[in-house]
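Asks: below is the sequence, then the predicted model.
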Amino acid sequence: PANEIQSIVVAIAHRRRLPASSHAIASVIALHRKASPTFHCCLQTKKQSMSPKSTRGLLGLVTLTTTLAMTRAFQLLPAARRAIISTSRNHAVTRSSSYIVGDMCNSRISSAMVIGTRHSLMTRFMSETASPAALSDERKAELESKIKDKGDSIRTLKEQGLSKDELAPHVAELLALKAELDPSSVSPPKKKKPQQQKGQQNQKKQQQSKANKQQVEDAESDYITPRAENYSKWYNDLVRVCDLAETSPVRGCMVIKPWGMSLWDQIRRDLDDRIQEHGAENAYFPMLIPKSFLSKEAEHVDGFAKECAVVTHHRLTDGGEGKGLIADPEAKLEDPLIIRPTSETMIWTMFKKWIVSHRDLPLKINQWANVMRWEMRTRPFLRTSEFLWQEGHTAHATAEGAITDSKDMLNQYADMCEKLLAIPVVKGAKSPSERFAGADETFTIEALMQNGWALQSGTSHFLGQGFGKAFDVTYQDAEGKQQDVWGTSWGVSTRLIGALIMTHSDDAGLVLPPRVAPVQVVVVPIPPKKNDEEGKVELNNALDKLVADLKGAGLKVKVDDRDYVRNGAKYFEWERKGVPLRIELGPRDVKGGVCVFKYRVGSEGKETVSLDEVSAKATEGLDNLQEYLLDSAKDRLAASMNMMATYDQMKEALEKDEASEYDGPGLYLVPWKCDEVNEEKIKEECKATIRCYPMDVNEMGMAEGKKCFYSGEDATHMALFGRAY
């Protein structure tokens, strides 16, 4: 039982005295006879004194079954006590195991030494009790079965919300089983020369601490930190354990894994249809842009100069004298190339060739591509040096045509977020200081995350005639006169996946709205007994019909028939990945003409559904789930919208608000006089920025007659302030 193991851990970690009699100690060991047969030799229940062999057995039990929990406990010990790891470890290894236990029980040495000597003691113990060659095939099969069962049990416990500390004994027991099956997993580290200098000792202690920490992290790599504990870590954990993305060898860049890429594919398919309906055509432009192009539009180059990655040479060469490859000095480019941070300059260079007459307008081009903006602090999907996006670029004969185009695309973005991703957004215009570099006006959609922070989820820019003039793009109007064109650009990126995660997901994992889910329904068949051939045929026939009905209804279905994974593990995996609906189908269900529905969120418990009604019920249930997620997000947005607060109230709430805090104060809609200086002061004082001037309330004239909440002057806008990613 876990409480018996924990009593030993607590006794050691807090340097308390262990039970004095060998009988009491052996009684605790006896609890593990079934799980750990290698400790049989340690049972000395009738002796009043412990032999060295039984003492090694006790140490083996403690180190093998409780290493993880002990490691966590030792991190809490004072530095002076932990220092004994490095100063006395070698001494402990050479001493008799019985003296080690005796000293540990009498608090003459730190119990932390057990961790320092873990590998050596374990190797000695395993060599005296069992070897890999001594294991019979039956024993190996038994161990493999226990390892599998214990792994499934741990996953189930995590699903039930057990804490790290509560899980630690179970994880340690799993490691014990693995160690018995493969003792090389606890092989001793290579011996190093004794450290003489104090600085070297400190370095060694730090390395040991990092190693212990890494062991804990590896053992609990699929653990998701609760949102209330640390929202930022919850997000990073979820991205990792749900197989969405992971860091790459290239600083600031991520590897988008298949499940994460499939989400982007769903977004891309939906949005590409909207872009085509908008009248834009897809094209592709080079990712390398001459630096001279970027210099043509002054505001544009100022906005992106600090984020540009520059290519200066076109080949490498051997540097000689052990220097390795270097940039060939003779291959330096006359005009360095910029890896595109955005493509306005390249596309407007081509527009000059393509636009001659008013009949060529409007010209609307869209590109699906990757871009590079060098970032110092990155977060998966939210802010990375390289990311995927679409960028639309249009040219128009009139300003009205360009403004209408940019607003129409903003509406498309907002509609896509709401209908596909179930994310409500606030549409608005950016303040002058927050506009896109070189734009006359920037329109934005802002979404609210669960921690009360805003996320800019898409933008559309009215570029005026700046780019047309910078790149000399003109057209001949109907009267034969040359005119400058008006331009727009608009885009969304993989940042939408970050918005999707933080809007709907929970502590159990990803929650996906059905319309964007790569798999809407996962079917888990429960096989009949091995010799029930008739039952297998009936199950397969029912399964084929069920899947055909679901696909016929237009649903995205996956059958998880992996015979090497337990059903509980399958349930856990697909719930964590956010699949909206799980259907279970077993032999009893087939005989009863039913199956079992379990939704990821939105309804409690399981639901028994007739096989004849599966497709209709699944379609209805998924539509209800989509609506439920949207309504929940709308309610959260409304509840987090603070109306007409004073500046002092906002400052007090936001100046201590951090991204790691869950359920923060939210957004503030306040009267504001447009003033770039005051805007910068507010940013410095409480880190709040103007997310936008919301279109609906400003078009209604809500700011009229009101005073700015900061300066006290007549308000020009209603502004939405808040912390943002």
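Replies: Yes, it's here.
Asks: please count neighbours and contacts with C-alpha atoms only from this point.
Replies: Will do.
Asks: can you give me the buried ones in stretch 273-286?
Replies: 274, 275, 280 (16 or more other C-alpha atoms under 10 Å).
Asks: for the chain, give me the ranges with low pLDDT.
Replies: For the chain, residues meeting the criterion pLDDT under 70 lie at 1-134, 183-220, 298, 301.
Asks: what about the longest helix in it?
Replies: Longest helix in the chain, counting residues (DSSP state H): helix 614-639.
Asks: who does it touch, helix- and strand-wise?
Replies: helix 495-504, helix 533-552 (3 or more C-alpha pairs under 8 Å, 6 or more residues apart in numbering; DSSP states H and E).
Asks: can I get the first one in CSV, CA atoms only?
Replies: Which is helix 495-504. Extracted as CSV, the C-alpha positions of helix 495-504 are listed here (Å, rounded to 0.1, in the frame of the first residue of the first chain):
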residue,chain,number,x,y,z
ARG,A,495,-1.1,31.7,-33.4
LEU,A,496,-4.7,30.7,-33.8
ILE,A,497,-3.8,27.2,-32.5
GLY,A,498,-2.5,28.9,-29.3
ALA,A,499,-5.8,30.8,-29.1
LEU,A,500,-7.7,27.5,-29.5
ILE,A,501,-5.8,25.8,-26.8
MET,A,502,-6.1,28.6,-24.2
THR,A,503,-9.8,29.3,-24.9
HIS,A,504,-11.3,25.8,-24.4
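Asks: contact partners of the one helix or strand residue 352 maps to?
Replies: Using DSSP states H and E, residue 352 maps to helix 344-354. Helix 344-354 has contacts (C-alpha atoms under 8 Å, 6 or more residues apart in numbering) with 285-286, 289, 293-294, 360, 393, 467-468, 471-474, 489.
Asks: next helix or strand past it?
Replies: strand 363-372.
Asks: quick check: neighbours of that following strand in the sheet, parallel or antiparallel?
Replies: strand 281-282 (parallel), strand 386-396 (antiparallel) (DSSP bridges).
Asks: between these, which one is closest to residue 655.
Replies: strand 386-396 (30.3 Å; C-alpha to C-alpha).
Asks: buried set for the closest one?
Replies: Buried, per 16+ other C-alpha under 10 Å, within strand 386-396: 386, 387, 388, 389, 390, 391, 392, 393, 394, 395, 396.
Asks: now swap in stretch 575-592 and tell me
Replies: 575-587, 589-590.
Asks: nearest to residue 329 among these?
Replies: residue 577 (50.1 Å).
Asks: was I right to think that closest one contacts residue 508?
Replies: No. Assessed by C-alpha atoms under 8 Å, residue 577 is found out of contact with residue 508, at 9.4 Å.
Asks: residues that sit against both of those two, list them.
Replies: By C-alpha under 8 Å, 6+ apart, no residue touches both residue 577 and residue 508.
Asks: residues touching the spatially most central residue of the chain, list them.
Replies: Against the mean C-alpha coordinate of the chain, by C-alpha atoms, centre = their mean, the closest residue is residue 239 at 1.8 Å. Contact partners of residue 239, counting by C-alpha under 8 Å, 6+ apart, are 245, 246, 380.
Asks: doesn't it belong to a helix?
Replies: Yes. Assessed by DSSP: H, G, I helix; E, B strand; the rest coil, residue 239 belongs to a helix.
Asks: ok, it to residue 281 distance?
Replies: As for residue 239, its distance to residue 281 is 33 Å (criterion: C-alpha to C-alpha, to the nearest Å).
Asks: with residue 349 instead?
Replies: The value you get for residue 349 to residue 281, if C-alpha to C-alpha is used, is 18 Å.
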